[in-house]
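Visitor: build me a structure from this.
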Amino acid sequence: MIRQRLAKAAILAGLAMVPETAFAADIDGSSMSFVWALPFVGILLSIATGPLLFPHLWEHHVGKFAAFWSACVIVPLLVVAGFAPAAQALLHTLLLEYLPFILLLLALFVAAGGIYLQGNLRGTPAANTLLLAVGALMASFVGTTGASMIMIRPLIRANDDRVYRVHTVVFFIFLVSNIGGILTPLGDPPLFVGFLKGVDFFWTAQHLYGEMLFVAIIVLALFFALDIYLHRKEKHQSHPFDPTPDSPLKLHGTVNLALIGVVIAAILMSAYWKPGVVFHVFGIEFELQNLIRDAIFVGVVFLSLTLTSKYCRESNEFGWGPIREVAILFVCIFICLVPVIAMLHAGSNGAFAPLLTMISHADGSPNNIAYFWLTGALSSFLDNAPTYLVFFELAGGDPHVLMTTMASTLAAISAGAVFMGANTYIGNAPNFMVYAIARQMGVRMPSFFGYMAWSGCVLIPTFLLCGWLFFV
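Guide: Predicted structure coming up:
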């Protein structure tokens with residue numbers, strides 16, 4: 001029960017995939033002060049700190065938190081813009097942005113929750129490194145949350161007779177819960193935000209595979225060397241009793257892998273098939289390909305629930321609590337981003353003008369290394385998906401320009417958001433979820449700042465090298 005409670009809030013913190021709302025275009029961002037951004041900052045800080053600092057209060061009153069921050073935006077907007085424009089904007093956001101988002105998230109959540117890896121390996125350095133590498137690769141196709149849910153328990157079981165095993169979970173968070181998700185929009189929430197904004201589905205794989213290989217190989221090599229050292233050190237110490245003897249691995253619920261493939265196909269269909277058929281409801285345009293895509297998402301949910309055995313979901317401790325809280329919190333984040341996007345669109349005339357000077361050279365060209373570190377620094381402590389969106393907009397917000405003439409800038413934003421979500425427990429969705437599961441299974445995980453000591457020693461030097469090699 002404790003694991004489920006902690007996991008619920010953690011999933012929410014990292015899955016915030018928030019696209020731009022239409023209303024932002026109708027607001028004069030140049031006349032808005034930074035005060036309008038405080039509700040957005042407030043909800044992100046609440047999501048980031050609530051599960052850690054006041055978990056019981058957060059769990060029982062999460063809806064009230066969301067309602068409060070939403071009201072801080074809605075009420076002033078109703079006064080400033082009037083009822084009709086505000087209501088139209090909200091309807092547009094709910095039907096065209098929020099609904100497709102929540103259906104995609106639901107489809108991936110249900111399908112990944114039905115995949116269960118049974119069995120146990122011996123936790124040797126070679127086996128552990130292989131499990132981390134497989135999990136990192138899997139993350140780009142079933143999502144960092146899905147890969148973490150599937151792989152964390154087999155990794156802990158493989159090492160439950162080891163004296164030193166904390167490092168295996170810490171490096172798991174680095175690689176599987178973050179770094180490995182950079183190759184596709186399904187891998188990590190920031191990249192899906194980019195896809196919704198118009199970034200090509202395969203763009204990340206084509207432009208970020210070098211950065212991913214560089215960072216992943218360094219981190220895997222450091223893990224392998226450390227695990228060899230600790231494994232040898234254990235030979236002269238008494239080992240704990242092995243509660244899960246070695247047994248062959250067996251993957252259950254494999255039908256869900258095919259269903260995840262259906263989800264991917266539906267996304268690609270909506271991106272590349274443009275029949276030009278549009279339906280108008282309440283003044284809002286619904287494109288045929290998007291309606292079919294969303295219907296497929298719903299179908300995947302029902303098929304997964306029907307075809308997956310109860311044993312698989314019980315073994316994964318699958319529950320509906322996380323997706324329920326997602327439905328509540330994301331409405332709030334959508335609303336709170338409206339004035340922020342308007343101010344970003346105002347550019348040098350808006351409240352975020354000082355930030356523009358930090359990410360631009362004297363001649364006005366983008367400072368890619370600044371984009372990398374500023375996106376990463378905020379992603380470490382807030383949520384990486386909204387952070388990605390903020391810097392995406394600061395870079396101009398035009399996906400066609402960002403994918404071509406400003407490809408290095410988009411790569412810097414993407415890498416900063418995805419990679420540096422690993423710097424803290426609250427940087428990305430699965431981090432704290434893995435922490436909670438590991439503690440429940442008897443691993444003495446480091447504290448919040450203890451974990452940051454690990455990331456500071458392993459990740460920060462790696463990211464310094466990555467930034468110098470790819471973004472300077």
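Visitor: you'd agree residue 386 is in a helix?
Guide: Yes. Residue 386: assigned to a helix according to DSSP: H, G, I helix; E, B strand; the rest coil.
Visitor: distance check, it against residue 392.
Guide: Distance from residue 386 to residue 392, counting by CB to CB, to the nearest Å: 10 Å. (Glycine included, C-beta is placed from N, CA and C.)
Visitor: quick one, grab the pLDDT at residue 107.
Guide: At residue 107, the model reports a pLDDT of 85.
Visitor: for the helix or strand in which it is found, name the packing helices and strands.
Guide: Assigned by DSSP states H and E, residue 107 falls within helix 99-112. Contact here means 3 or more CB pairs under 8 Å, 6 or more residues apart in numbering; DSSP states H and E; on that basis helix 99-112 packs against helix 125-158, helix 255-272, helix 288-307, helix 321-345.
Visitor: can you give me the first-to-last residue distance of stretch 279-291?
Guide: Length of stretch 279-291, first residue to last, CA to CA, to the nearest Å: 10 Å.
Visitor: if you average pLDDT over that stretch, what comes out?
Guide: Averaged over stretch 279-291, pLDDT sits at 83.
Visitor: between the strand or helix carrying residue 73 and helix 321-345, how many degrees?
Guide: Per DSSP H and E, residue 73 falls inside helix 55-81. Helix 55-81 runs at 40 degrees relative to helix 321-345, counting by axes from the mean of the first three to the mean of the last three CA atoms, to 10 degrees.
Visitor: for helix 55-81, packing partners?
Guide: If you count contacts as 3+ CB pairs under 8 Å, 6+ apart, helix 55-81 packs onto helix 2-14, helix 38-53, helix 83-92, helix 321-345.
Visitor: picking up where we left off before, which parts of the helix holding residue 107 are buried?
Guide: Using 16 or more other CB atoms under 10 Å as the test for burial, helix 99-112 gives 100-112.
Visitor: if we can go back for a sec, run the angle between the helix holding residue 73 and helix 83-92 for me.
Guide: With the same axes, to 10 degrees defining the directions, helix 55-81 sits at 130 degrees from helix 83-92.
Visitor: what about helix 55-81, distance to the chain center?
Guide: 22 Å (CA atoms, centre = their mean, to the nearest Å).
Visitor: what about that helix, average pLDDT?
Guide: Here the average pLDDT along helix 55-81 is 84.
Visitor: could you give the angle of it to helix 38-53?
Guide: Using the same axes, to 10 degrees: helix 55-81 against helix 38-53 is 180 degrees.
Visitor: would you indicate which residues of helix 55-81 are buried?
Guide: 58-59, 62, 65-66, 69-70, 72-74, 76-77, 81.
Visitor: same question, stretch 358-371
Guide: Within stretch 358-371, judged by 16+ other CB under 10 Å, the buried ones are 359, 360, 366, 367, 368, 369, 370, 371.
Visitor: farthest from the middle of the chain: give me that residue.
Guide: residue 236 (41.3 Å; CA atoms, centre = their mean).
Visitor: returning to that earlier point: now render the helices and strands packed on helix 99-112 as a markdown table, adding mean neighbour count and distance to residue 183.
Guide: As requested, the helices and strands packed on helix 99-112 are exported to a markdown table (neighbours: other CB atoms under 10 Å; distance: least, CB to CB, whole Å):
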| stretch | mean neighbour count | distance to residue 183 |
| --- | --- | --- |
| helix 125-158 | 23 | 4 |
| helix 255-272 | 17 | 12 |
| helix 288-307 | 17 | 21 |
| helix 321-345 | 22 | 24 |
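Visitor: and of the ones you listed, who's closest to residue 315?
Guide: helix 125-158 (8.3 Å; CB to CB).
Visitor: for the helix or strand just after that closest one, list the C-alpha coordinates in PDB.
Guide: Sequence-wise, the next helix or strand downstream of helix 125-158 (DSSP H and E) is helix 166-175. What follows is helix 166-175, C-alpha atoms only, in PDB (Å, rounded to 0.1, in the frame of the first residue of the first chain):
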ATOM      1  CA  VAL A 166      22.200   0.400  -3.500                       C
ATOM      2  CA  HIS A 167      24.300   1.400  -6.500                       C
ATOM      3  CA  THR A 168      22.400  -0.900  -8.800                       C
ATOM      4  CA  VAL A 169      19.200   0.900  -8.200                       C
ATOM      5  CA  VAL A 170      20.800   4.400  -8.400                       C
ATOM      6  CA  PHE A 171      22.300   3.600 -11.800                       C
ATOM      7  CA  PHE A 172      19.000   2.000 -12.800                       C
ATOM      8  CA  ILE A 173      17.300   5.400 -12.200                       C
ATOM      9  CA  PHE A 174      20.100   7.100 -14.200                       C
ATOM     10  CA  LEU A 175      19.800   4.800 -17.300                       C
END
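Visitor: much appreciated, bye for now.
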